[in-house]
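Undergrad: have a look; sequence and predicted model below, questions after that.
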Amino acid sequence: MTQLTTLDLLDPGQKAIVKKVGGDGPIRRRIQEMGVTNGAGIEMVKSSPLGDPIEYKVRGFNLALRKEEARMIEVEI
Amino acid sequence: MSFTVALAGNPNVGKSTIFNALTGSQQHVGNWPGKTVEKKEGRLRFGTEDIFVIDLPGTYSLTAYSIEEIIARDYIVHEHPSAVVVVVDASNLERNLYLVAQIIELKIPVIIALNMADLATSRGMSIDVDELSSRLGGIPIVITIGNRRRGIDDLKETIAQVVLNPRDAELQVEYRGVVSDEILNLEELIRRDEPLTKAYDPHWLAIKLLEADPGIDRALMGSGMGDLVKVADEARCRIEEKTGEEADTIIADQRYSFIGSVIDYVVVRPRETVFTGSDRIDRIVTHKVWGIPIFLLTMWVIFQFTANVSAPYLDWIDVFFNEVVYGWAQSLMVFLGLGGTWFASLVTDGMIAGLGGVLVFIPVLLFLYLALAVLEDSGYMSRAAFVMDRVMRWMGLHGKSFLPMIVGFGCTVPAVYATRTLQNEKDRKLTGFLATFMSCGARLPVYVVFGAAFFGSTSGNLIFAMYLLGIAIALAIGFTLKHTVYKGKPPAPFVMELPPYRLPRGSDVWRHMWMRTKGFVIKAGTVILFTSIVLWFLMAIPAGSNKGTFNNVPAEDSVFGVLSGTIAPLLTPAGFGTWEASGSLITGFVAKEVIVGTMNQIYVQEARDAEPVGEDEVVDPTTFGEDLIISVVGFGEATILTVQEVINIVPRTINIIPGIHIGEVAFFLETGDVEENTSSLQAALVTSFSASAGSVKAGMVAAVAFTVFVLLYVPCMAAVSAMRQEFGSRWMWTQIAFTLALAWVSAVLVFQFGKLLLL
């Protein structure tokens, strides 16, 4: 069973597939250039000691995003 | 014929190691014209060919999203290098190939340096290099392990082959569907315009137009090609209508899916992701509970390094310069028949004393830059940004602003330049502004001298307090601005790679330390020598014919003394309203490292003048051989003491934990602490500050107020001009006025409240 959610709601170790990258202009493009594109697999690694930003694993490397940016990315789990 | 090759690559892929290995010591470090991003050029010799190598800034893409990307792209587009070597991280092939794909689109011969293949292997990956090369249209690929110099000769050879026998790139990223149609349409249009086709590759330009690349759009509008931009806008609308996605999203998706199709044939990944040593370190370093203490501890160790570990060498250089070199210069003057003349005094008291006061701090900076280089090269710096982002955002900044702030502890000038890594202009300005409150290396000597003079063995507390105060003030200002001036403006995004941890490579760290310290020494050597000479003249010229004669005037009655004296009353509420103190602060405008030099000149000269004439002239002259022995033995002692201090960082760090006390383990030699009290400058400072503040205790408070003033007031001339260059002169003047006011208010508050509390 698949379920749509946003990236910021994943738990540590949870994996998902990117469905849509929202947000505007430069931020969205930067996120996409770092490999968070439609269909990419992404795994939540952990959040920072203060809860935000969050570390993800995507395309074999580790990427940190703030919650508000992660919220703009729709994923399927 | 000469060839130029550009070196490109993502950040953190070991590009600078490859650059160093390729070019050896044949390097030139400067800035990109009109920009403040570091430009490194080198030369590589292959047979009879001389090939210039340009190190482009590290970028993830060429979208002209940040200044680094614009530089890298403009260089490739407009300067047409003979080839581009893209350094690619083998363990992270997908994202790295994204940049490769973009560079290939520029129709430039590309060579891939597949770096860190050992890391990929250790993660259980295997890469079919021949297959990769053929899938990328026959691009030459060289396997390198930069930090072991493996593959460098192969790479040199390949570069030479490619530049000597250039061939057209065969590969194109294939776009599909509507995007492909629109690209063809635009290409068609562009080809009709001959000058445009000459300036840009039509295919590439079409893609950029569909991506709505701001740099390209602006360039075309500027040259009367607004129509083309409009056509592209319409094309983008059509794409969005048909697919429901924006054109740039589809282009990025298709590039990645092209890369994905290549990778599928080339890379064999392990079934299970390997839990690497890097992950293990990361678990601890960014741990929920331990992350922040580890961060603070790291910063503390850096302070230890700069404050204590460098001290023995500092003492050694001090002796070497102020006694040995000073003595030689005097003998030389006598030998030239200039002994006792004003010129001899200018050379020895003006130039050598001033320069010596600066060079003394080379060890401090070397140790500081060592710490920074290790932080950066190991990958911890980005973890620090990850851990600290929440705090930085609290004052309206980005976790990445943390880096310029940390660099600010070394020197404000590179800190201002380091703000370039931030995309948002508001973030850049604010970060640059706040970075000036990070106590830079040049301010440290002032704390060290005052700490030693007034607080003896507890001087470390004063130093640490100054650093903390700077941070606290930056936090407070940032927070205030966020809720007033910048209210309602959205923060910049935080999209950052957390690279794998790596053991920093000794020679890279050393190059880093050396280059930065060299920059400081050159700046110090010119600016400060000049200041010292001007200062000497100002102090030698009497402020009136009845006050004395040239080079024979009490400092107080010199032009400089009178000038400083007029400002002094303003500083009386802060407890240091003397012309000496204000005079030192004036010279500190030029460069803060001059403050101690000036003090050396004026306080010590005063003290010397006060001594009965003739008495200090009869010091036994030492021979050259004796000098040499003193210097060598002193250097050996300093080395032993440094080792001792490094070892003792461990017990001192453990002692931070309340309730635990362990003795310092290493004790080879007595440290210089005992003697330091007798240093002539320190003694003079205690006397002068106690007098101006009213009592010895009040003098201590005034000394603290003075260090607070030094911490906060206008950063040096170089930093201010860096700010003007980056943020404009209005911003610079705001900064100057604000910091002056802030320093004065803070120093007065410290002195007045401190007096109330202590006395």
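TA: Okay, I see it.

Undergrad: which residue ranges form the helices in chain A?
TA: For chain A, applying DSSP state H gives helices covering A:25-33, A:67-70.

Undergrad: to chain B, which of these lies closest?
TA: helix A:25-33 (4.1 Å; CB to the nearest CB). Glycine gets a C-beta too; all of them are placed from N, C-alpha and C.

Undergrad: least confident secondary structure element in chain A?
TA: Using mean pLDDT, DSSP states H and E, the weakest-scoring helix or strand in chain A turns out to be helix A:25-33, at a mean of 84.

Undergrad: okay, buried residues for that one please.
TA: By 16 or more other CB atoms under 10 Å in any protein chain shown, the buried positions in helix A:25-33 come out as A:Pro26, A:Ile27, A:Arg28, A:Arg29, A:Arg30, A:Ile31, A:Gln32, A:Glu33.

Undergrad: B:Pro499 in helix, strand or coil?
TA: coil (DSSP: H, G, I helix; E, B strand; the rest coil).

Undergrad: the stretch 651-759 of chain B: helices as residue ranges?
TA: Under the criterion DSSP state H, counting those that start in this stretch, the stretch 651-759 of chain B contains helices at B:673-676, B:680-693, B:696-712, B:717-727, B:729-758.

Undergrad: please tell me how far the last one is from the chain's geometric centre.
TA: Here the centre of mass of C-alpha atoms in helix B:729-758, compared against the chain's by CA atoms, centre = their mean, to the nearest Å, lies 26 Å away.

Undergrad: so for it, mean pLDDT?
TA: For helix B:729-758, the mean pLDDT works out to 91.

Undergrad: all strands of chain B, in order?
TA: Applying DSSP state E to chain B gives strands spanning B:3-9, B:27-31, B:38-46, B:49-55, B:83-89, B:110-115, B:126-127, B:141-144, B:267-268, B:495-497.

Undergrad: to chain A, which of the ones you listed lies closest?
TA: strand B:495-497 (4.8 Å).

Undergrad: residues contacting that closest one, please?
TA: A:27, A:30-31, A:34, A:53, A:61-65, A:69, B:10-12, B:60, B:382, B:385-386, B:399-400 (CB atoms under 8 Å, 6 or more residues apart in numbering or on different chains).

Undergrad: ok, 6 Å please
TA: Residues from elsewhere that reach strand B:495-497 (CB atoms under 6 Å, 6 or more residues apart in numbering or on different chains): A:Arg30, A:Ile31, A:Leu63, A:Ala64.

Undergrad: with stretch B:82-96 instead?
TA: Taking CB under 6 Å, 6+ apart as the rule, stretch B:82-96 contacts A:35, A:59-61, B:3-10, B:13, B:15, B:18, B:100, B:103, B:108-117, B:119-120, B:123, B:162-163, B:259, B:263.

Undergrad: for the residues you listed, which ChimeraX command selects only the ones that are buried?
TA: Selection of the buried residues among these in ChimeraX, burial being defined by 16+ other CB under 10 Å:
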select /A:35,59,60,61 /B:3,4,5,6,7,8,9,10,13,15,18,100,103,108,109,110,111,112,113,114,115,116,117,119,120,123,162,163,259,263
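
Undergrad: kindly provide the distance from B:Asp181 to chain A.
TA: According to CB to the nearest CB, to the nearest Å, B:Asp181 and chain A sit 20 Å apart.

Undergrad: quick check: residues of the stretch 51-200 of chain B near chain A?
TA: Neighbours of chain A within the stretch 51-200 of chain B, by CB under 6 Å from any CB of the partner chain: B:Tyr60, B:Ser61, B:Tyr65, B:Asn92, B:Glu94, B:Arg95.

Undergrad: now do chain B
TA: Counting by CB under 6 Å from any CB, chain B sits next to chain A at B:60-61, B:65, B:92, B:94-95, B:248, B:252-253, B:256, B:288, B:291-292, B:386-387, B:389-390, B:493-498.

Undergrad: and the residues you listed, which are buried?
TA: The buried subset of the residues of chain B next to chain A - by 16+ other CB under 10 Å - is B:60-61, B:65, B:92, B:94-95, B:248, B:252-253, B:256, B:291-292, B:386-387, B:389-390, B:493-498.

Undergrad: what about chain A, any weak spots by pLDDT?
TA: A:1 (pLDDT under 70).

Undergrad: so which bits of it are right by chain B?
TA: A:26-27, A:29-33, A:35, A:37-38, A:48-50, A:52-53, A:59-64, A:66, A:69.

Undergrad: buried stuff in stretch B:473-485?
TA: B:Ile473, B:Ala474, B:Leu475, B:Ile477, B:Gly478, B:Leu481, B:Lys482.

Undergrad: hmm, who's touching that stretch?
TA: Against stretch B:473-485 from outside (CB under 6 Å, 6+ apart): B:Met395, B:Gly396, B:Leu434, B:Phe437.

Undergrad: ranking the residues you listed by neighbours, who comes first?
TA: For those, neighbours were counted using other CB atoms under 10 Å in any protein chain shown, and B:Leu434 has the most, 28 neighbours in all.
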